[in-house]
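Novice: The following comprises the amino acid sequence and a computationally predicted model.
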Amino acid sequence: MNRKIIVWTVILTLVTSAAIIYYLESYKKSIDSREYIQVVVTKQTIPNRTKITHDMVELATKDKEYVHPNTFTDIKSVVGTISTITIAKGDEVLKDYTAGPKDITKGLAFIVPEDMRAITVPVNEVSGLNYLVQPGDMVDVIVTLNLDEKLRDGTTRSFLQSNYVLQKVFVLATNDNLGYDNGFKIQDSGSSSKKNTVTLAVYPEHALPLALASDYGTIRLLLRNPADNDLTSIKPFLLENFIRKDEDR
């Protein structure tokens with residue numbers, strides 16, 4: 001008999017405790033008028049210029065009144081971005097602290113595709129398409145070189161040759177314009193230290209021939225229609241091709 005009384009006493013104690021806890025939590029919520037939201041915080045210190053992965057961040061519940069208005073509230077929006085400053089462990093991740101893959105406001109480095117490189121080439125009014133090329137355009141690059149060929153008799157033949165260097169190249173910037181303005185920001189021609197340039201996104205293996213063409217030849221940009229994705233196969237063209245030989249007449 002005493003055993004049953006003890007069991008019932010324990011059960012009643014547990015039920016009473018649960019009821020008291022529930023009442024206290026309900027009362028606490030009734031008097032707490034604060035609004036809480038979940039925000040993205042760091043699980044570890046994230047160094048500057050680091051790609052943010054899922055295991056670096058987590059959600060934390062905070063009083064909305066004390067949450068920064070630029071704080072991320074969705075982890076998916078953070079993962080894959082790159083930190084623009086060092087973010088300490090436990091800090092909220094702000095939109096000002098990260099850059100997306102096409103965020104031109106954070107600088108040139110953040111708009112270069114991951115598997116490509118940015119390279120700048122000088123242009124003038126002619127080679128730069130009358131300065132009408134814009135960031136986001138696609139261009140081809142051709143070069144004209146003055147070459148020497150050693151003949152069998154020991155003499156040297158000089159000739160001019162134009163070649164395609166690259167095709168379907170993405171324009172990242174014109175001078176210091178990353179896309180804020182539509183027009184080409186032409187440098188002051190009166191300053192010898194300033195030259196007009198175009199910055200292109202190329203694969204690493206294409207940077208080398210483009211650098212040689214720019215340094216040792218005369219390059220020109222050919223503007224492509226945005227819908228044109230075809231690649232052209234054209235043989236190098238020699239100056240002597242303009243001269244008709246007797247047998248061609």
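Specialist: Received, thanks. Numbers count the residues shown, from 1 in each chain.

Novice: Would you check that His163 makes contact with Asp140?
Specialist: To be clear, residue 163 is Asn; His isn't right here. No: Asn163 lies out of contact with Asp140 (C-beta atoms under 8 Å); the separation is 11.2 Å. C-betas here are computed from N, CA, C, even on glycine.

Novice: who touches the closest residue to Leu238 other than its chain neighbours in this structure?
Specialist: Excluding the flanking residues, the one nearest Leu238 by C-beta to C-beta, 6 or more residues apart in numbering is Gln161, at 5.3 Å. Contacts of Gln161 were listed using C-beta atoms under 8 Å, 6 or more residues apart in numbering, and they are Thr144, Leu145, Leu147, Pro236, Phe237, Leu238, Leu239.

Novice: Surely the last one is in contact with Phe159?
Specialist: Spelled out, it's Leu239. Yes: look at Leu239 against Phe159 with C-beta under 8 Å: they come within range, at 6.3 Å.

Novice: got the domain boundaries for the chain?
Specialist: 36-100, 111-243 (automatic domain parsing).

Novice: looking at those, which one has the lowest mean pLDDT?
Specialist: Among the domains of the chain, domain 111-243 has the lowest mean pLDDT, at a mean of 88.

Novice: Next, the distance between the ends of that one.
Specialist: End-to-end distance for domain 111-243: 46 Å, by C-alpha to C-alpha, to the nearest Å.

Novice: returning to what we had before: out of the domains of the chain, the one nearest Ile11 is which?
Specialist: Shortest distance between Ile11 and those, using C-beta to C-beta, is found for domain 36-100: 34.1 Å.
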